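Student: Sequence first, then the predicted structure, then my questions.
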Amino acid sequence: MSCYMGKEEKPVVLVVDDMETNVMLLEEILKEEFDVQSKMSGAEAISWLESNPCELVLLDYRMPEMNGLEVLQRIKTDGKLKNVPVILLTADMEMEAEGFKAGAADFIHKPFTPEAVLLRAKRILNYEYLQSKLAEEVRRQTKIAEARRASMQRLFEQTVFALAQAVDAKDKYTHGHSRRVAQYSRTIARIAGESEEAQLRIYYMALLHDVGKIGIPDEIINKPARLTDEEYSTIKSHTWIGSDILKCIEEFPDFSKGARHHHERYDGGGYPDGLKGEEIPRMARMIAVADAYDAMTSNRSYRGALSQEHVREEVVRGRGTQFDPQFADIMLRMIDADKNFTMRET
Ligand SMILES: [Fe+2]
């Protein structure tokens with residue numbers, strides 16, 4: 001009849017009272033609905049509770065040696081027992097506040113009427129049952145929400161990778177360029193002290209820095225000969241085309257900045273906006289170093305990859321002119337740590 005009866009067997013109730021007549025009376029009242037156990041002292045009750053499952057304790061306050069309040073405190077400070085609800089039985093009205101503070105679930109005043117005892121015991125059990133169901137439901141829903149969030153995150157990552165691959169596939173000389181630039185940019189961000197979250201954001205921004213190349217004709221991107229002025233200005237338009245494409249990702253309003261500003265130069269001589277120094281978004285300044293580094297360490301239609309020594313010299317030369325000096329220095333540290341020259345197109 002009650003929802004705590006989700007299981008077949010009766011719930012176990014422990015009656016703790018030093019007076020045998022009280023114990024017998026409570027057993028009589030409760031035995032229809034509960035599996036009643038009884039103990040005549042606090043010490044016996046605690047040692048029994050430590051090795052037996054119990055759903056509710058009815059605890060007399062006035063007992064020799066350990067009184068009900070002390071027993072209650074012991075139960076509520078015991079890691080294993082603290083969730084067992086306890087109803088205090090007392091003739092002393094002033095005990096209520098103390099009892100609630102110590103964690104009593106309810107009170108039954110002596111002398112009690114059998115019906116009230118039964119109703120209170122059932123009410124507390126129902127309440128405990130609903131509480132535990134609620135906690136279980138919260139855990140279940142949290143798990144579902146977490147799985148959904150992780151799945152959306154994977155979908156997002158895979159979509160970004162697919163888009164980056166589509167860009168790299170257009171250019172037969174830049175295999176894996178976007179992925180490498182993303183990795184280098186993230187390393188620069190980490191060494192520069194950016195948070196984990198910012199490192200991830202710059203990683204995605206860098207993966208998509210060249211997304212605007214989708215809008216540039218293949219013949220121009222793959223032209224082995226020198227570009228005409230007109231073709232060069234078409235190539236340059238990949239910056240603002242990319243930024244226009246990425247503007248629609250409202251969840252990351254910064255995304256488009258990497259695409260738009262990765263060809264700006266620290267001295268103001270870059271494109272498309274000729275921004276200078278700190279006017280250039282910080283993340284775009286990191287991507288600019290990573291992008292130039294990867295261009296130099298990759299094969300191109302008109303040359304092979306440069307030697308590590310040559311690349312290092314170029315980074316030093318570009319420090320403060322093409323590159324933000326802070327991030328050029330970080331790149332130099334990365335180069336110096338890369339003894340076997342593994343940071344390059346393979
Ligand atoms: Fe680019």
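Tutor: Looks like it came in fine.

Student: Quick check: mean pLDDT of stretch 78-85?
Tutor: Averaged across stretch 78-85, pLDDT comes to 92.

Student: quick one: low-confidence ranges for the protein?
Tutor: Counting by pLDDT under 70, the chain contains low-confidence residues at 1-8, 301.

Student: In terms of residue numbering, what are the domains of this structure?
Tutor: Per the record, the chain has its domains at 3-139, 171-337, by automatic domain parsing.

Student: do you know which of those lies nearest residue 152?
Tutor: Nearest to residue 152 among the domains of the chain is domain 171-337 (10.3 Å), distances taken as C-beta to C-beta. (C-beta placed from N, C-alpha, C; glycine too.)

Student: quick one on the thing from earlier: go through the domains of the chain and pick out the most buried.
Tutor: Most buried of the domains of the chain, by mean neighbour count (mean count of other C-beta atoms under 10 Å): domain 171-337, with a mean of 18.

Student: end-to-end on that domain?
Tutor: Domain 171-337 stretches 30 Å from its first residue to its last (C-alpha to C-alpha, to the nearest Å).

Student: Using TSV, please lay out the domains of the chain together with distance to residue 148.
Tutor: As requested, the domains of the chain are exported to TSV (distance: least, C-beta to C-beta, whole Å):
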stretch	distance to residue 148
domain 3-139	15
domain 171-337	16
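
Student: So which of those domains is nearest residue 149?
Tutor: Across the domains of the chain, residue 149 has its closest neighbour in domain 171-337 (13.0 Å, C-beta to C-beta).

Student: Please name the bridge partners of residue 109.
Tutor: Beta-bridge partners for residue 109, by DSSP bridges, are residue 90.

Student: any idea how far residue 201 is from it?
Tutor: 62 Å (C-beta to C-beta, to the nearest Å).

Student: What of residue 73?
Tutor: Distance, residue 73 to residue 201, by C-beta to C-beta: 51 Å.

Student: Pretty sure residue 36 sits in a strand.
Tutor: Yes - counting by DSSP: H, G, I helix; E, B strand; the rest coil, residue 36 is found in a strand.

Student: Would you mind measuring from it to residue 292?
Tutor: Distance from residue 36 to residue 292, counting by C-beta to C-beta: 81 Å.

Student: need the strands for this protein, in chain order.
Tutor: Along the chain, the stretches classed as strands by DSSP state E are 12-16, 35-39, 56-60, 86-90, 106-109.

Student: so can I have JSON lines of these showing distance to residue 68?
Tutor: Output for the strands of the chain, formatted as JSON lines (distance: least, C-beta to C-beta, whole Å):
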{"stretch": "strand 12-16", "distance to residue 68": "8"}
{"stretch": "strand 35-39", "distance to residue 68": "12"}
{"stretch": "strand 56-60", "distance to residue 68": "5"}
{"stretch": "strand 86-90", "distance to residue 68": "6"}
{"stretch": "strand 106-109", "distance to residue 68": "11"}
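
Student: Tell me the spacing between the residue nearest to residue 46 when sequence neighbours are not counted and residue 290.
Tutor: Leaving aside its sequence neighbours, residue 46 sits nearest to residue 74 (C-beta to C-beta, 6 or more residues apart in numbering; 5.7 Å). The spacing between residue 74 and residue 290, counted by C-beta to C-beta, is 63 Å.
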